[in-house]
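Participant: Give me coordinates for this.
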Amino acid sequence: MSHSVYFTFHDVIEAPSVNRVIDFTNRALGEQNPQKICYLISSGGGSVDSGVTLYNYLRALPVTVVMHNVGSVDSIANAVFLAGQERYAMPASAFLLHGVMWNFHEKSTLSYPQMQEIMSRFDAAEQLIARIIGENTKLTTEEVRALFRQGESKTPQFAKEKGMIHDIREVKIEAGSPIIAIK
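Facilitator: Reported below is the predicted structural model:
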């Protein structure tokens, strides 16, 4: 039995990458039987739906989940990051909080009800992300939504003050522990 398994993840949060994280994690749980799973993460964000799915999956794991920001954790990747019971950031890392975005196809034609549906989804997605961040930090939902409007990159010091991370520190990989790149 390995005490810890380490995963490196530097990708967008979309259905294919989330499915890979889940698959790799499930295999490690079955083959390695770790007490801790440590994710060294850097992600520019991606799909809200995929990010919330991964957040909920990671929260359900029967082991300690450790998240370590090794670059930049942006957008919906913040919610994924907050699934960790232990959270850390490298001194040279950052966090970006911003509101939900929507990609429209070129020359899209939308009816009024379709636009209302999109606006409803925007609002619901922002409320959900703000709630996840608020429940796992010292930030209130209103403060999170204000940060979304700022759309600014934040330092590890800010993240520590606001309870997004527990400490600012270098990654320390336990000797002999498996390190798996999720590609």
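
Participant: All the strands of this structure, residue numbers only.
Facilitator: Using DSSP state E, the strands assigned to the chain run over residues 4-10, 36-43, 64-74, 86-89, 94-96, 153-154, 167-168, 179-182.

Participant: closest to residue 107 out of these?
Facilitator: strand 64-74 (29.1 Å; CB to CB). In this view, the C-beta of every residue, glycine as well, is placed from N, C-alpha and C.

Participant: And the contacts of the closest one?
Facilitator: 4, 8, 10, 35-45, 58-59, 80-90, 93-96, 98, 153, 156, 159, 165, 171 (CB atoms under 8 Å, 6 or more residues apart in numbering).

Participant: Out of these, which end up buried?
Facilitator: For the contacts of strand 64-74, a neighbour count by 16 or more other CB atoms under 10 Å gives the buried set as 4, 8, 10, 36-45, 58, 80-84, 87-90, 93-96, 98, 156, 159, 165.

Participant: now the helices for the protein?
Facilitator: When assigned using DSSP state H, the helices of the chain occupy the ranges 15-32, 48-60, 77-81, 112-136, 141-150, 156-161.

Participant: middle-most residue in this structure, spatially?
Facilitator: Among the residues of the chain, the one closest to the centroid is residue 80, at 2.3 Å (CA atoms, centre = their mean).
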